[in-house]
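**Student:** Provided below are the primary sequence and the corresponding predicted coordinates.
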Amino acid sequence: MARDPDALAEAIERSCRNKAEVVAADETEQGERALLNLGHTFGHAIETGLGYGEWLHGEAVAAGTMMAAELSRRLGWLQDVDVERVATLFARAKLPVWGPKLGVSRYLDLMAHDKKVEAGRLRLVLLREVGRAVIHADAAGEDIAAAIEARCR
């Protein structure tokens with residue numbers, strides 16, 4: 001957060017190397033690589049719903065990650081303290097922790113067109129615990145809607 005050039009360079013280099021390793025091991029996004037999409041399904045709905053360029057991609061994904069964390073909490077995988085931990089980290093990085101109020105039906109409509117929809121089922125990257133993402137295709141529509149509603153202002 002202090003923007004120390006050496007620390008930033010190391011963090012960026014490490015992040016790029018980690019992502020490159022995951023991508024190289026799963027070029028067709030059939031396994032672990034898909035886990036890099038945490039927050040993206042909700043985030044892409046934000047980008048499309050607001051109009052591209054209104055929010056930066058990282059901002060939309062951060063708000064989307066908060067929705068994914070909230071849904072994970074509703075599924076019993078995370079505790080309130082876990083969701084608040086993620087929110088605190090994003091807030092410290094000056095990233096949004098609330099999505100824009102587009103309306104739940106608009107979010108769901110936009111998410112239904114995401115590339116991760118398979119056989120009509122929305123596949124979401126969620127958190128079994130902080131640091132342990134999973135792909136989940138069985139979340140109830142009402143839980144997804146409640147998570148969106150809970151994380152929008």
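**Tutor:** That came through, no problem. Numbering: from 1, shown residues only.
**Student:** going forward, measure contacts and count neighbours with C-alpha atoms only.
**Tutor:** Noted.
**Student:** in the protein, where is pLDDT below threshold?
**Tutor:** Within the chain, the segments meeting pLDDT under 70 span 1, 30, 115-117, 119.
**Student:** what's around Leu110, how many residues?
**Tutor:** Look at Leu110: counted by other C-alpha atoms under 10 Å, it has 18 neighbours.
**Student:** how about the contacts made by it?
**Tutor:** Ala45, Thr48, Gly49 (C-alpha atoms under 8 Å, 6 or more residues apart in numbering).
**Student:** in helices only, show me those residues.
**Tutor:** The helices in this structure, assigned by DSSP state H, contain Ala45, Thr48, Gly49 from the contacts of Leu110.
**Student:** mind checking what secondary structure the residue nearest to Phe42 when sequence neighbours are not counted has?
**Tutor:** Leaving aside its sequence neighbours, Phe42 sits nearest to Gly64 (C-alpha to C-alpha, 6 or more residues apart in numbering; 4.5 Å). Assigned with DSSP: H, G, I helix; E, B strand; the rest coil, Gly64 falls in the helix class.
**Student:** show me the contacts for Gly64.
**Tutor:** For Gly64, the contact set (C-alpha under 8 Å, 6+ apart) comprises Leu38, Gly39, His40, Thr41, Phe42, Gly43, Ile46, Gly99.
**Student:** between the ones in helices among the contacts of Leu110, which sits nearest Thr88?
**Tutor:** Ala45 (23.0 Å; C-alpha to C-alpha).
**Student:** picking that back up, most surrounded residue in the ones in helices among the contacts of Leu110?
**Tutor:** Using other C-alpha under 10 Å as the neighbour criterion, Ala45 leads the ones in helices among the contacts of Leu110 with 24 neighbours.
**Student:** what kind of secondary structure is the closest residue to it other than its chain neighbours in?
**Tutor:** Spatial nearest neighbour of Ala45, chain neighbours left out: Leu110 (5.3 Å); criterion: C-alpha to C-alpha, 6+ apart. On the three-state scheme (three-state DSSP), Leu110 is labelled helix.
**Student:** check Leu127 too.
**Tutor:** Per three-state DSSP, Leu127 ends up strand.
**Student:** who's in contact with it?
**Tutor:** Applying C-alpha under 8 Å, 6+ apart to Leu127 gives the contacts Ala68, Ala69, Ser72, Trp77, Leu78, Ala133, Val134.
**Student:** now swap in Lys101 and tell me
**Tutor:** So Lys101 contacts Cys152, Arg153 (C-alpha under 8 Å, 6+ apart).
**Student:** nothing else from me, thank you.
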